[in-house]
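Undergrad: attaching a predicted model along with its sequence, questions to come.
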Amino acid sequence: GAVVSQHPSWVICKSGTSVKIECRSLDFQATTMFWYRQFPKQSLMLMATSNEGSKATYEQGVEKDKFLINHASLTLSTLTVTSAHPEDSSFYICSAGAAGRSPLHFGNGTRLTVT
Amino acid sequence: ILNVEQSPQSLHVQEGDSTNFTCSFPSSNFYALHWYRWETAKSPEALFVMTLNGDEKKKGRISATLNTKEGYSYLYIKGSQPEDSATYLCAFMNYGGSQGNLIFGKGTKLSVKP
């Protein structure tokens, strides 16, 4: 149980275009999902917390207008990287769960390359 | 700035060897410590969530201990197998941290040679 599906696994896009990444909880409802980013040889860093039916909460230094998060249902959160630039090239991974004293359930991640 | 350190960065062992690695975290305002196993091309899989000082948890050949007063956790693998090859992540959360804001270490990459 507690499977999270993330799509696509990898994407290459041109600078200036937008890319949408989907995160779905397949066998449970997730009122909260989390989006992380990982640069090479660095640790996973929380970008934002996605809340079903309300606005996402962004971590300091993460531009909310650049990384649009939508959590329209209890099983789907999307992250859209708008007007992508090469410096946005990174590994993006979502997770669902209560966190804190409960384990997180992660998607497989998305490798984004912006050319 | 809260920091989580994991050591070693990478580890190469032979099948059958037992091994252990360390996760160091701030000792103040401790709330929870997570361990995840992350195999290549798969999603991170939760191993343990530890909350109490002195906690010891076990899952098959893998076990973990927790010392919140000195700020460290050890992960042990007994009789390593090739399928144990993965990156092992620890993540720390303190009181007052926003939900989901686990502070992750960079991981320890374990390679087990048959």
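TA: It's in. Remember, predicted model here, so these are calculated numbers, not experimental data. Residues are numbered from 1 along each chain as shown, chains lettered A, B, ... in the order given.

Undergrad: who are the contact partners of B:Asn94?
TA: The neighbours of B:Asn94, taking Cβ atoms under 8 Å, 6 or more residues apart in numbering or on different chains as the test, are B:2, B:26, B:28-31. For glycine as for every other residue, the C-beta is placed from the backbone atoms N, C-alpha and C.

Undergrad: residue ranges with poor pLDDT in chain A?
TA: Along chain A, segments meeting pLDDT under 70 span A:1, A:99.

Undergrad: may I have the secondary structure class of whatever residue of chain A ends up closest to chain B?
TA: Of all residues in chain A, the one sitting closest to chain B is A:Pro103 (3.2 Å; Cβ to the nearest Cβ). Under DSSP: H, G, I helix; E, B strand; the rest coil, A:Pro103 falls in the coil class.

Undergrad: quick one, grab the pLDDT at B:Gln99.
TA: Looking at B:Gln99, its pLDDT is 59.

Undergrad: and B:Ile1, by the same measure?
TA: At B:Ile1, the model reports a pLDDT of 69.

Undergrad: I figured B:Ser24 hits B:Tyr74, correct?
TA: No - the pair B:Ser24 / B:Tyr74 is not scored as a contact, 10.3 Å apart, by Cβ atoms under 8 Å.

Undergrad: so between those two, which is more surrounded?
TA: B:Ser24 (18 against 14; other Cβ atoms under 10 Å in any protein chain shown).

Undergrad: for the spatially closest residue to B:Lys109 that is not a sequence neighbour, list the residues it contacts.
TA: Of all residues beyond its chain neighbours, the one nearest B:Lys109 is B:Ser10 (4.3 Å), with distances taken as Cβ to Cβ, 6 or more residues apart in numbering or on different chains. By Cβ under 8 Å, 6+ apart, the residues touching B:Ser10 are B:108-111.
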